[in-house]
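Trainee: build me a model:
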Amino acid sequence: MYIELILLLIINSFTFKYENNSYPIDNKAIEKFSYFKLTSFQPALNFDISIDSTFQRYTIKYQNKNITLINNNPWIKIGNEFVNSPLAPQVVDKNLYIPFPVLNELCKYFLDKTVSIAGNYIILYGEEGRHIKRIIIDAGHGGKDPGAVGYAGLQEKMVTLDVAKMVAEKLSSENGIDCILTREIDTFISLGKRAKIANDVEASLFLSIHCNAGKRRSATGAEIYFLSPAKTTWARAVEARENASLQYENKEERSELQSILWDLAQTEFLKESNTLAGKLVDGISKSNNIINRGVLQANFCVLRKVYMPACLVEIEFISNPEIEKKMRTDEFKSKIATDIANGVKEFKQWYEMKVNN
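Mentor: Numbers count the residues shown, from 1 in each chain. Model (predicted):
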């Protein structure tokens, strides 16, 4: 996967996330690939570097482990073994720059962790990082962005906030999962900032909760989306409606949406996101006798920028007058929240069994 990523990861700056701290990393575009300045990682990892200038050979020492790199040579000596990298380290202005594959090998050997790129973040994942410990629950819309509005005036932003709080309470109290809400009051938060919250805290899962809407007043049912190009006319319509929140953001925020980069970053989690979506929609429809409209794909901006399993939940149609009445009741919202929480628990069990066996 990282061969695809390094082709496009040419952005101004990176931040290395390690042990709850952030470190700025210098990078340079070399032949259309992003390379990282080796010494930028020293403050975080505290390794030593010895240089043989005659052969432009760099030996990195971390605890009792050594890695040797040679300028413009794809062969890396890791301990007593040699590994061939798709890209070779490069010396520029007397500084050694390493490409993503070399950085990944370095972190695997020194730290027993693999590297992931999330936008302009470099994030490490080890065995402990593959458990569902922290979840971002995103209440869709808010503040100046009301979302869809029912025939009797109920606003989507208020329903999603209530449900999000209930989901967080259930998961935190029953399972000890650390749940973080993107918003806890009726306030506007840009789509980019919602994703940034998830990436900054290194969450394991991202759920964005919404209410559906359609032209037919009789439309009903629950559907769950994960990130991928929309396959149907209906999915494209829902995608357009949810992405319409961008109109409330300023041009600078919109210009930071690096669509291609984030689509690539999310590919690692498509299978997990699809599985999560299936467990969520099955639970909601069975428990509440709600029509199961299935798992769908769409290119939602709020999902595009998170680097973890992620789904957008359309709990029901606020445009249906009968459903709108139910959405005003705590009983209905609590049932939906319980089903979402149960779906997360089922996914957690499936996911942790998959990655740890």
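
Trainee: any idea which element the residue located most distally from the centre of the chain lies in?
Mentor: Distance to the chain centre peaks in the chain at Thr54, reaching 44.1 Å (criterion: C-alpha atoms, centre = their mean). In the assignment (DSSP states H and E), Thr54 maps to no helix and no strand.

Trainee: check it and give its pLDDT.
Mentor: The model reports Thr54 with a pLDDT of 90.

Trainee: the helices in this protein, which residues?
Mentor: Chain-ordered helices for the chain, with DSSP state H as the definition, fall at 2-6, 42-45, 100-111, 156-175, 191-200, 233-243, 251-255, 259-266, 270-288, 301-304, 321-327, 330-355.

Trainee: for these, give me CSV that also has mean neighbour count and distance to Ser218.
Mentor: (C-beta placed from N, C-alpha, C; glycine too.) CSV is the format used below for these (neighbours: other C-beta atoms under 10 Å; distance: least, C-beta to C-beta, whole Å):
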stretch, mean neighbour count, distance to Ser218
helix 2-6, 16, 44
helix 42-45, 15, 57
helix 100-111, 20, 51
helix 156-175, 21, 19
helix 191-200, 22, 30
helix 233-243, 16, 15
helix 251-255, 10, 35
helix 259-266, 18, 34
helix 270-288, 20, 17
helix 301-304, 24, 28
helix 321-327, 17, 9
helix 330-355, 18, 18
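
Trainee: make CSV out of the ones you listed and add mean pLDDT.
Mentor: Formatted as CSV, these follow (pLDDT from 0 to 100):
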stretch, mean pLDDT
helix 2-6, 37
helix 42-45, 94
helix 100-111, 90
helix 156-175, 92
helix 191-200, 81
helix 233-243, 54
helix 251-255, 40
helix 259-266, 46
helix 270-288, 85
helix 301-304, 65
helix 321-327, 97
helix 330-355, 90
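
Trainee: nearest to Asp93 among those helices would be which one?
Mentor: Proximity to Asp93 (C-beta to C-beta) singles out helix 42-45 among the helices of the chain, at 17.2 Å.

Trainee: kindly export that closest one (C-alpha atoms) in PDB.
Mentor: Included here for helix 42-45 are C-alpha records, laid out as PDB according to Å, rounded to 0.1, in the frame of the first residue of the first chain:
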ATOM      1  CA  GLN A  42      15.900  12.100  16.900                       C
ATOM      2  CA  PRO A  43      14.100  14.200  19.500                       C
ATOM      3  CA  ALA A  44      11.300  11.600  19.600                       C
ATOM      4  CA  LEU A  45      13.300   8.300  19.300                       C
END
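
Trainee: list the contacts of that helix.
Mentor: Phe16, Tyr18, Glu19, Asn21, Tyr23, Ile49, Tyr62, Phe110, Leu111 (C-beta atoms under 8 Å, 6 or more residues apart in numbering).

Trainee: do I have it right that the first one meets Asp26?
Mentor: Spelled out, it's Phe16. No: counting by C-beta atoms under 8 Å, Asp26 is not a contact partner of Phe16; they are 10.7 Å apart.

Trainee: common neighbours of the two, please.
Mentor: Common neighbours of Phe16 and Asp26 (C-beta under 8 Å, 6+ apart) are Ser40.

Trainee: in terms of neighbours, single out the busier of the two.
Mentor: Phe16 (21 against 15; other C-beta atoms under 10 Å).

Trainee: just list whatever residues bridge to that one.
Mentor: Tyr23, Ile122 (DSSP bridges).

Trainee: tell me which residues touch it, please.
Mentor: Per C-beta under 8 Å, 6+ apart, neighbours of Phe16: Ser22, Tyr23, Pro24, Ile25, Ser40, Phe41, Ala44, Tyr121, Ile122.

Trainee: reformat the contacts of helix 42-45 as a markdown table; add distance to Arg328.
Mentor: As requested, the contacts of helix 42-45 are exported to a markdown table (distance: C-beta to C-beta, whole Å):
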| residue | distance to Arg328 |
| --- | --- |
| Phe16 | 47 |
| Tyr18 | 47 |
| Glu19 | 46 |
| Asn21 | 45 |
| Tyr23 | 48 |
| Ile49 | 63 |
| Tyr62 | 59 |
| Phe110 | 56 |
| Leu111 | 51 |
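
Trainee: gap between Asn21 and Ser208?
Mentor: 28 Å (C-beta to C-beta, to the nearest Å).

Trainee: who's more crowded, those two?
Mentor: Ser208 (27 against 9).

Trainee: for the more buried one, which non-adjacent residue is closest in space?
Mentor: Closest residue to Ser208 apart from its sequence neighbours, by C-beta to C-beta, 6 or more residues apart in numbering: Asp138 at 4.1 Å.

Trainee: neighbours of the one you found, how many?
Mentor: Neighbour count for Asp138, taken as other C-beta under 10 Å: 29.

Trainee: put the alpha carbons of stretch 76-96 into CSV.
Mentor: Output of stretch 76-96 as CSV, limited to C-alpha atoms (Å, rounded to 0.1, in the frame of the first residue of the first chain):
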residue,chain,number,x,y,z
ILE,A,76,19.3,-1.7,4.1
LYS,A,77,21.3,-3.6,6.7
ILE,A,78,19.0,-4.4,9.6
GLY,A,79,20.9,-6.1,12.3
ASN,A,80,22.7,-8.8,10.5
GLU,A,81,20.2,-9.1,7.6
PHE,A,82,19.8,-7.1,4.4
VAL,A,83,16.5,-5.8,3.1
ASN,A,84,15.8,-4.3,-0.3
SER,A,85,13.8,-1.1,-0.3
PRO,A,86,11.7,0.1,-3.3
LEU,A,87,13.3,3.5,-2.8
ALA,A,88,16.8,4.4,-1.6
PRO,A,89,17.9,6.9,1.0
GLN,A,90,19.2,10.1,-0.4
VAL,A,91,21.7,12.7,0.9
VAL,A,92,20.7,16.3,0.2
ASP,A,93,22.7,19.3,1.5
LYS,A,94,24.7,16.9,3.8
ASN,A,95,21.5,15.6,5.4
LEU,A,96,20.1,12.0,4.9
